[in-house]
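In: Sharing a sequence plus its predicted fold:
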Amino acid sequence: MPYIKQANRKTVDPEDALPAIGEQCDGPGELNYAICRLITGYLGLNVGGKPGYAEWNEVKGVLVCLQEVIAHRFLNPYEDQKMLENGDVFFD
């Protein structure tokens, strides 16, 4: 869940550095690269870390949950609005 305490946000994202990085990404490949770099830093891969299954599973869980949050917050409301505008395809 991405909803961390306000005080912790300043530590994790000083002066909104992460949105600035995201704004610099030119397409999904660069966004994927930026996310991978965050993950490698988290796991310590850039300093010789050797995460085990539990750590990789933890990261996978974060990514899956984030996918669900994005769908819940942004994609589902969009789909609902389009269904109202254009009609239901399943129960027409």
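Out: Good, I have the coordinates.
In: Pick out the residue closest to the middle of the protein.
Out: By CA atoms, centre = their mean, the mean C-alpha position of the chain lies nearest to Leu66, the distance being 4.9 Å.
In: before we move on, which element is that residue in?
Out: Using DSSP states H and E, the element containing Leu66 is helix 53-70.
In: elements contacting that helix?
Out: In terms of contacts (3 or more CB pairs under 8 Å, 6 or more residues apart in numbering; DSSP states H and E), helix 53-70 is packed against helix 28-43. Quick note: C-beta positions are derived from backbone N, CA and C, even for glycine.
In: The closest residue to Val69 other than its chain neighbours in helix, strand or coil?
Out: Leaving aside its chain neighbours, Val69 sits nearest to Pro2 (6.3 Å; criterion: CB to CB, 6 or more residues apart in numbering). Using DSSP: H, G, I helix; E, B strand; the rest coil, the secondary structure recorded for Pro2 is coil.
In: what domains does the record give for this protein?
Out: Using automatic domain parsing, the domains assigned to the chain come out as 1-50, 52-92.
In: Just send those back as TSV, with mean pLDDT too.
Out: Below are the domains of the chain laid out as TSV (pLDDT from 0 to 100):
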stretch	mean pLDDT
domain 1-50	94
domain 52-92	96
